[in-house]
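**Student:** All I have is the shape, not the residue letters:
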């Protein structure tokens, strides 16, 4: 029997943060969580976009508890300010959905000097998770869901040049960032378990979903346009693996969820596997150490 949002238990009394909740997968995730009764913080780079998303969700669920907060994952000072402000307003955190991301943009550096995809997709979320960990640890049944991608297979972690200073390849940079997200999810679970914490770290990927992430790939999308309905699933469908990872009652720490059909490109959410590179424990520990150095956020030492 395929997992559905309707089969998930009510979430009244619980609170979730969804990064990048103003559009695409993030908006669909926030909408579904609100529909289940969860209080949802829409964490977005633009407050105006967050407020617009809030209005759209409230139109469907007038009783929804929604809060808009500014979060720029490409600016570690913004990440720190967000975590500090959230902790002042709330003393629990049930779900942290590390969803926001960018895909194959032209080369640029974040405010802190990191390649933009590594910063937005991974490093900002690494820091955010660490800064919010005290609240997660004290909240029963809390979970961290990290968004990866089928693209995690495209690249390894370029420890000798993670910022692509020696020639930018947007495809490899995207693959690296999404591999980093997946390795982080696995390593976070190992460290949580080792420290005796009950918080679960899980990962998800949306398959191939028709979202604004593809705005930097007009040629490819145009070529596929007649087949889009057959190959790409909707953003609503793409959000289901995230929701399964967040709400499924059979989810264990370290699980990875994705679509169950067409080579994981679309379909009902199921638990899926990942490549050997993503499960390399030594590389994951090295990545964690490098991430602590880059972000200045240190947590769950082994």
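**Tutor:** All right, it came through fine. A quick note: this is a predicted structure, and the numbers were derived from the prediction, not measured.

**Student:** If I look at residue 231, what pLDDT would I see?
**Tutor:** You'll see residue 231 listed with a pLDDT of 63.

**Student:** again, but for residue 1
**Tutor:** 85.

**Student:** tally of neighbours for it?
**Tutor:** Neighbour count of residue 1, defined by other CB atoms under 10 Å: 5. C-betas here are computed from N, CA, C, even on glycine.

**Student:** What of residue 263?
**Tutor:** When neighbours are counted by other CB under 10 Å, residue 263 registers 10.

**Student:** Likewise for the one 4 residues further on?
**Tutor:** A count of neighbours around residue 267, defined by other CB under 10 Å, yields 18.

**Student:** For my notes, confirm it occurs in a strand.
**Tutor:** Yes: Residue 267: assigned to a strand according to DSSP: H, G, I helix; E, B strand; the rest coil.

**Student:** wait, what's in contact with it?
**Tutor:** Neighbour list for residue 267: 207, 233, 259-261 [criterion: CB atoms under 8 Å, 6 or more residues apart in numbering].

**Student:** With residue 74 instead?
**Tutor:** Counting by CB under 8 Å, 6+ apart, residue 74 touches 110-112, 114, 116, 119-120, 124.

**Student:** Over to residue 39?
**Tutor:** Here residue 39 is in contact with 14-16, 65-67 (CB under 8 Å, 6+ apart).

**Student:** Narrow those to just the buried residues.
**Tutor:** Neighbour counting with 16 or more other CB atoms under 10 Å marks 14-16, 66-67 as buried within these.

**Student:** on that earlier part again, out of the contacts of residue 74, flag the one nearest to residue 41.
**Tutor:** Residue 41 lies nearest to residue 124 out of the contacts of residue 74, by CB to CB, at 15.6 Å.

**Student:** that older thread, residue 237: which of the buried ones among the contacts of residue 39 is nearest?
**Tutor:** Taking CB to CB as the measure, residue 237 lies nearest residue 16 of the buried ones among the contacts of residue 39, at 19.9 Å.

**Student:** was I right about the closest one contacting residue 41?
**Tutor:** Yes: between residue 16 and residue 41 there is a contact under CB atoms under 8 Å: 6.9 Å.

**Student:** and the longest helix for this protein?
**Tutor:** helix 170-194 (DSSP state H).

**Student:** Name the next helix or strand following that helix along the chain.
**Tutor:** Following helix 170-194 in sequence order, the next helix or strand is strand 200-204 (DSSP states H and E).

**Student:** So which elements touch that next one?
**Tutor:** strand 143-147, helix 170-194, helix 235-247, strand 256-261 (3 or more CB pairs under 8 Å, 6 or more residues apart in numbering; DSSP states H and E).

**Student:** which residues are in contact with it?
**Tutor:** Applying CB under 8 Å, 6+ apart, the contact partners of strand 200-204 are 142-148, 181-182, 185-186, 188-189, 192, 241-242, 244-246, 251-258, 269.

**Student:** Now do it against helix 235-247, angle only.
**Tutor:** Between strand 200-204 and helix 235-247, the angle comes out at 160 degrees (axes from the mean of the first three to the mean of the last three CA atoms, to 10 degrees).

**Student:** now strand 200-204 and strand 143-147, what's the angle there?
**Tutor:** Inter-element angle recorded for strand 200-204 and strand 143-147: 20 degrees (by the same axes, to 10 degrees).

**Student:** Paired strands for strand 200-204, with orientation please.
**Tutor:** According to DSSP bridges, strand 200-204 forms sheet pairs with strand 143-147 (parallel), strand 256-261 (parallel).

**Student:** Can you say which of the contacts of residue 74 are buried?
**Tutor:** 110, 112, 114, 116, 119-120, 124.

**Student:** Nearest to residue 287, out of the residues you listed: which one, please.
**Tutor:** Closest to residue 287, out of all of the buried ones among the contacts of residue 74 and judged by CB to CB, is residue 114, at 13.8 Å.
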